[in-house]
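A.B. asks: Provided below for reference: sequence and predicted model.
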Amino acid sequence: MNDSTITNVVFGHVLPLAEMSVAQIAALPVAQLQETHTNLLTLQSAIKGVLERFHAALDQRYAEQATAARQANGRDFGVCHLDDGPLRITVDVPKRVAWDQVQLAEIAHRITASGDKVSDYIDIEYSVSESRFNAWPATLKESFAKARTVKSGKASYRLALVKENQQ
């Protein structure tokens with residue numbers, strides 16, 4: 001998708017759509033509904049790609065400065081502010097922590113063996129994969145059924161125009 005295509009999609013469909021109510025959008029003719037949906041998905045994909053490249057460019061331009069600024073304050077993560085002429089750049093590098101599940105299970109076992117309560121130290125969430133649950137015999141499923149809640153996720157839609165006289 002080139003820049004003029006993106007511009008046409010944005011100005012031809014998205015801007016008027018942004019001013020329409022949900023009821024007005026729902027009442028669009030099916031061909032327009034399908035075309036608009038396709039254009040929005042195309043635009044979303046194009047914007048995602050451009051935004052990823054833009055962020056990569058910002059990283060290339062400012063990452064070293066941001067790292068140095070955080071390290072000067074004794075931090076590896078968090079927010080720092082940079083100035084590039086009149087431009088103020090705020091860079092936030094969040095901390096993402098991942099825990100090794102096998103090692104945590106071993107630690108939990110040692111805590112229990114020492115007589116302490118695991119919940120004083122570790123948050124535990126139990127889950128059962130749906131494929132595993134579905135493979136179980138009915139008697140086993142019954143014992144777990146009271147602990148299981150099924151909720152629906154957000155609906156997704158794909159629209160395609162089909163010829164009316166197809167057989």
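C.D. replies: Thanks, I have the structure now.

A.B. asks: other SSEs contacting the helix or strand containing residue 131?
C.D. replies: Using DSSP states H and E, residue 131 maps to helix 130-135. Helices and strands touching helix 130-135, by 3 or more CB pairs under 8 Å, 6 or more residues apart in numbering; DSSP states H and E: there are none. C-beta coordinates here come from the backbone N, C-alpha and C atoms, glycine included.

A.B. asks: average pLDDT across it?
C.D. replies: What helix 130-135 shows for mean pLDDT is 95.

A.B. asks: same question for stretch 138-153.
C.D. replies: Per-residue pLDDT over stretch 138-153 has a mean of 92.

A.B. asks: quick check, residue 82 in a helix?
C.D. replies: No - Residue 82 is assigned strand when assessed by DSSP: H, G, I helix; E, B strand; the rest coil, not a helix.

A.B. asks: from residue 64, how far out is the closest residue to it other than its chain neighbours?
C.D. replies: The shortest distance from residue 82 to any non-neighbouring residue, by CB to CB, 6 or more residues apart in numbering, is to residue 89 (4.4 Å). Distance of residue 89 to residue 64, given as CB to CB, to the nearest Å: 13 Å.

A.B. asks: more neighbours, these two?
C.D. replies: Counted by other CB atoms under 10 Å, residue 89 and residue 64 do not tie: residue 89 has more neighbours, with 14 against 10.

A.B. asks: report the secondary structure state of that one.
C.D. replies: Here residue 89 is recorded as strand under three-state DSSP.

A.B. asks: distance of it relative to residue 136?
C.D. replies: Distance from residue 89 to residue 136, by CB to CB: 54 Å.

A.B. asks: so the residue most central in space within the chain versus residue 39, what's the distance?
C.D. replies: Centroid check for the chain by CA atoms, centre = their mean gives residue 48 as the closest residue, at 12.4 Å. Distance from residue 48 to residue 39, counting by CB to CB: 15 Å.

A.B. asks: do the same with residue 93
C.D. replies: Residue 93 sits 35 Å away from residue 39, going by CB to CB.

A.B. asks: which one's more surrounded, those two?
C.D. replies: With neighbours defined as other CB under 10 Å, residue 93 and residue 39 compare such that residue 39 has more, 19 against 15.
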